[in-house]
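In: Return a 3D structure for these sequence lines:
(4 chains)
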Protein chains: 2
Amino acid sequence: MPSDEQYRQLLAFRTQLRRFDHWSREAASEHGVTHAQHQLLLAIRGSASAGGPPIGEVAEALLVRPHTAGELVDRLASGGFVERVQDDADHRRVRLRLTAEGERVLRDLTSVHLDELRRLGPVLGPMLDDL
Amino acid sequence: MPSDEQYRQLLAFRTQLRRFDHWSREAASEHGVTHAQHQLLLAIRGSASAGGPPIGEVAEALLVRPHTAGELVDRLASGGFVERVQDDADHRRVRLRLTAEGERVLRDLTSVHLDELRRLGPVLGPMLDDL
DNA sequence: TCCTATTATCTCGTACCCCGATATATCTGT
DNA sequence: ACAGATATATCGGGGTACGAGATAATAGGA
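Out: You can find the predicted model right below:
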């Protein structure tokens, strides 16, 4: 049975996460992509797969079903941020690559996110310790 | 210009947040509410307003527009988790109260979330420091 | 080789979340 | 009483995610 104080602490922690999330969504939006689309760009960039990750891999990284990742790719591709490339060896596979535009947007977003997280760290760390 | 290592660190941090978020959504779902609805319950419980917070106050806490919070309340009310109560002094205002069922669900969710965050803390803290 | 099982992706229909624009009811100050 | 401000609700639309089912390609066994 949580105490009133614990409810307040949990709400305060969520409020911090929410502020970061809200800020992040706005930052993405200002660069022409949504939050989920930004995360997909980052998952592509951070992948170790040569030739770009297949859709199934980014779906796993994003914790969504493959067809959901496919829908995100549809919207990113029609915005010119990513490209679908047929895998040579396995024609079922579609590998993903950032376009120059996608690379640029991700770079800018990553810079401001690193800055923001360096500000957030000293706030969030102590809150986690207090729980 | 972020380094490959920084892209990887940012992705790893996001992956941790995403895991927590995903786990949290499933926990809420198992108790019959969605993630956003859970956050609204917590915002009501954590409010300092006597007689329960008005819709505008929880909208502000959740960083959404008042009419968005209203929609969440619609769905929570039809599920029997919250009640709308007309304010005596100002008839424009609708104050929110948890039902016994809403209180119970929030208590259970809060307990498991406190446990989970105590596990997450030692993982997330160092990652924030490394950025 | 052929047939079946598996895998990767896509399509369709649905629910939720959030928004902007707009409407309605109520309060406040003059 | 009236004009402007405030609180909430309604309508229409885009984005995200899902389950079910379809399609295409690969892999393994007889």
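In: gap between the nearest residue to A:Gly70 once chain neighbours are set aside and chain B?
Out: Nearest non-adjacent residue to A:Gly70, counting by Cβ to Cβ, 6 or more residues apart in numbering or on different chains: A:Ile55, 5.8 Å away. All C-beta atoms are positioned from the backbone trio N, CA, C, and that covers glycine. Distance, A:Ile55 to chain B, using Cβ to the nearest Cβ, to the nearest Å: 17 Å.
In: now the strands for chain A?
Out: Here chain A has its strands, by DSSP state E, at A:82-86, A:94-98.
In: among those, which is nearest B:Arg97?
Out: For the strands of chain A, the distance to B:Arg97 is smallest for strand A:82-86, at 47.0 Å, taking Cβ to Cβ.
In: about what we covered before: most neighbours per residue, which of the strands of chain A?
Out: Mean neighbour count (mean count of other Cβ atoms under 10 Å in any protein chain shown) peaks for strand A:94-98 among the strands of chain A, with a mean of 19.
In: Show me what it is packed against.
Out: helix A:35-45, helix A:55-62, strand A:82-86 (3 or more Cβ pairs under 8 Å, 6 or more residues apart in numbering or on different chains; DSSP states H and E).
In: buried stuff in the longest helix belonging to chain A?
Out: Selection of the longest helix in chain A by residue count, based on DSSP state H, yields helix A:100-130. Using 16 or more other Cβ atoms under 10 Å in any protein chain shown as the test for burial, helix A:100-130 gives A:102-103, A:105-106, A:109-110, A:113-114, A:117, A:120-121, A:124-125, A:127-128.
In: does chain B sit close to it?
Out: Yes - under the criterion of Cβ under 8 Å from any Cβ of the partner chain, helix A:100-130 makes contact with chain B via A:107, A:110-111, A:113-114, A:117-118, A:120-121, A:124-125, A:128-129.
In: Was I right to think the residue nearest to A:Gly70 contacts A:Glu71?
Out: No - using Cβ atoms under 8 Å, A:Ile55 is not in contact with A:Glu71, being 10.4 Å away.
In: what's the most buried one of the helices and strands packed on strand A:94-98?
Out: helix A:35-45 (a mean of 22).
In: any idea of the angle it forms with strand A:82-86?
Out: For helix A:35-45 against strand A:82-86, the angle by axes from the mean of the first three to the mean of the last three Cα atoms, to 10 degrees is 50 degrees.
In: so, in contact with DNA strand D or not, helix A:35-45?
Out: Yes - judged by Cβ under 7 Å from any atom of the strand, helix A:35-45 comes into contact with DNA strand D at A:35-37.
In: now do stretch A:91-101
Out: Yes - remark: stretch A:91-101 sits within contact range of DNA strand D at A:91-92, by Cβ under 7 Å from any atom of the strand.
In: One more: stretch A:72-85?
Out: Yes - against DNA strand D, stretch A:72-85 shows contacts by Cβ under 7 Å from any atom of the strand at A:72, A:75.
In: How about residues contacting that stretch?
Out: Stretch A:72-85 has contacts (Cβ atoms under 8 Å, 6 or more residues apart in numbering or on different chains) with A:32-34, A:36-37, A:40-41, A:44, A:51-52, A:55, A:62, A:94-99, A:101-102, A:105.
In: Out of those residues, which are close to DNA strand C?
Out: A:55, A:94-95.
In: nearest to B:Ser3, of those?
Out: Nearest to B:Ser3 among these is A:Arg95, at 23.5 Å by Cβ to Cβ.
In: Which residue is the nearest non-sequential neighbour of the most centrally placed residue in chain A?
Out: For chain A, the residue sitting closest to the mean C-alpha position, by Cα atoms, centre = their mean, is A:Gln39 at 1.8 Å. With sequence-adjacent residues excluded and distances taken as Cβ to Cβ, 6+ apart, A:Gln39 is closest to A:Leu62, at 6.0 Å.
In: Save the helices and strands packed on strand A:94-98 as a markdown table, and put in mean pLDDT and distance to B:Pro2 too.
Out: Output for these, formatted as a markdown table (pLDDT from 0 to 100; distance: least, Cβ to Cβ, whole Å):
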| stretch | mean pLDDT | distance to B:Pro2 |
| --- | --- | --- |
| helix A:35-45 | 97 | 9 |
| helix A:55-62 | 96 | 18 |
| strand A:82-86 | 94 | 18 |
